[in-house]
Structures are given as structure tokens and as C-alpha cells.
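Student: make a model of this:
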Amino acid sequence: MYEAKAKLDGIELSIQCILIKIDNAKSKQLPHYHEYIELLYVFKGEIEVWMGGGTANISEGEFVLVNSKVAHTVYGVCEENSYFVVKIAPQVLYVSEQFLYDFKYIIPFLQVSPNQNKIFHKDDIKDSNVHNLFESLLREWTKKAFGYELAIKTHVYQLFLWIIRFCHQNDPSFNTDITITDEFAALLHTAIDYVDKNYIDASAKEVAKVCNLSYSYFSRSFKRLTKKSFSEYLNSVRISKAEHLLITTNLTITEIALQVGYNSSSHFIQAFKKHKNTTPKQFRKQFI
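Tutor: Alright, predicted model coming up:
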């Protein structure tokens, strides 16, 4: 199920906070996805988070980051569970005047690969102010005192600063030590947006042309920045779109394969299994 951005007085919210309580161990959310980057912090009990084909158990005092557009759902584990959801539009984390300096930090969280989702355990955050930041976010969102919007944005920035520094120090795959021009940073953003809207028939040559770059320069630079070749990235987007269709529609495997850009169901099944370690049919059975 696609979840549109929440609105207040007709205006889309760039940050949304929700405190969710699950009293029954069998309770769960419907599988869904959205444009937001999502943080799930457990205040009480334990939850099981299914995201992009994998699961993770998150206990009290721990949190998980779910990337933009990754399908996910939450199950209650204990009899009483309380967790805090913070949804952040990616645009909140970078501004046009400082595009180059901000956007490179956000690239890992815009990728649809489930491997990019991050889990932060108690030992990871015990010497930080992460718990206090989540409590402050909940308090500001609940009370809505004068200027609470600025306070919430400030806390979100502080959380993401901690996240990117932690990942930079502890995850070799999380590398933002890249040197790119401001112009190419903007073009990369254009490329990612183009693929998201034209994944059925997009190609590296076509996207390079849209970005006004040579095919070879675009391909090299894209891989250096995203840690994936263009074809790998395109496949990950297609598989993510297929995942959404598998859990939200009754389309056949062949119909889904064609809708996301594969010429045959066999090619699609092979690609899906490579990315998810399961077949589309087995994947769908989890939600029947």
C-alpha cells in the first residue's frame, strides 16, 4: 500500500511524528511504503520490523531507520508495545543553497536496497543523547508549544548528524568521503528522480543524455557515488516497485514483471531471487 504524505490544512508535512501502541502481540500494520525516510524508536516492549524482505527485532531503547520507498510493516512482540515513528521527507535534510554539502550525506538513505536500512541497538547508543532526542521530539510534537516546528526540525538534524557519524565510523559501506561538483550533485539528483519515474524503460544512455553527460562519464560517476552500477541500481528500483505490487495487488507474476520493465517472467523471477533471496510467489505468500 502506497502511503501519501500527510497534510495539515492542505499542506504536505515534511516531518510527521506518531506514537503507536500495540497491546496485542498479534497486532500488525499493513505493509506500506512512502517517500519518507522513517525512524522507529521503541519506548516500551519489542517490535518485529519487516522491511524489504528481511526482519529485525527492535527492543526498548533501540531504533531502526527504514529508507525512503522501502516496503515495511511492524508486528508487536510483547503484550504491550509502544514505539515512536518519525517520518522525514528527504528534502528536509538538504537545501538548495548547500546542495553539494548536504545531499552527499543523504544518498545512502534514498537507495531502495534493504541492505541500506540501519538498526541501532542499545550498545550503539548507550553513550549518546539519542534517547533524549526522541523524548524531546515526542514532547514537542505532543504539546505543540510556540515554535515547536523549529524545535522538531532541530532535533531531526541532531539525530541524523549522530546517525551519519555513527555509520561513517562503523560501517565501511557507508562512505560519504566523496568529491563531486555542485553541478554533478544536482545532476545525480535528477538521475535518481528520473529513474524513479521512468524505471520501466530507463537506460544509462538515456539518463546520461537527460543529465547532458557522456555515457562513460555518467556511468563511472554514478557507480562511484552510489556504490552500484547503473544497471544494478535500476534493477533494485524495479524489484522494489515489484515488491509493492506483490503486496498491494492481485496481478499475476507475469503481469508484474511486464509492469516493472522485465521482458519475461523468468528474467524477473531470477532478478527478484537475487535481490530478495526468495521468489516473488514465496514473497507474496507472507502477506496472504
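Student: now Glu135: which helix or strand?
Tutor: helix 130-143 (DSSP states H and E).
Student: centre of the chain versus that helix, how much separation?
Tutor: 22 Å (CA atoms, centre = their mean, to the nearest Å).
Student: just use 6 as the starting number from now, easier for me
Tutor: In the new count, where the first residue is 6, that last one comes out as helix 135-148.
Student: quick one: buried residues of it?
Tutor: Within helix 135-148, the residues that count as buried by 16 or more other CB atoms under 10 Å are 135-136, 138-139, 141-143, 145-146. From N, CA and C alone the C-beta is placed, and that goes for glycine too.
Student: now swap in stretch 149-169 and tell me
Tutor: So for stretch 149-169, counting by 16+ other CB under 10 Å, buried means 156-157, 160-161, 163-165, 167-169.
Student: any chance of TSV for the residues you listed, columns distance to Lys281, secondary structure and pLDDT?
Tutor: Listed next are the buried residues of stretch 149-169 as TSV, based on distance: CB to CB, whole Å; DSSP: H, G, I helix; E, B strand; the rest coil; pLDDT from 0 to 100:
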residue	distance to Lys281	secondary structure	pLDDT
Ala156	40	helix	95
Ile157	35	helix	94
His160	34	helix	95
Val161	31	helix	94
Gln163	34	helix	94
Leu164	29	helix	94
Phe165	28	helix	89
Trp167	30	helix	94
Ile168	25	helix	91
Ile169	27	helix	86
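Student: need those in CSV (columns: distance to Lys210).
Tutor: CSV is the format used below for the buried residues of stretch 149-169 (distance: CB to CB, whole Å):
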residue, distance to Lys210
Ala156, 47
Ile157, 43
His160, 43
Val161, 38
Gln163, 42
Leu164, 39
Phe165, 35
Trp167, 40
Ile168, 35
Ile169, 33
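Student: related to what we said a few turns ago, let's have the buried residues of helix 135-148 in JSON lines, adding distance to Gln96.
Tutor: Output for these, formatted as JSON lines (distance: CB to CB, whole Å):
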{"residue": "Val135", "distance to Gln96": "23"}
{"residue": "His136", "distance to Gln96": "27"}
{"residue": "Leu138", "distance to Gln96": "21"}
{"residue": "Phe139", "distance to Gln96": "22"}
{"residue": "Ser141", "distance to Gln96": "23"}
{"residue": "Leu142", "distance to Gln96": "19"}
{"residue": "Leu143", "distance to Gln96": "23"}
{"residue": "Glu145", "distance to Gln96": "20"}
{"residue": "Trp146", "distance to Gln96": "19"}
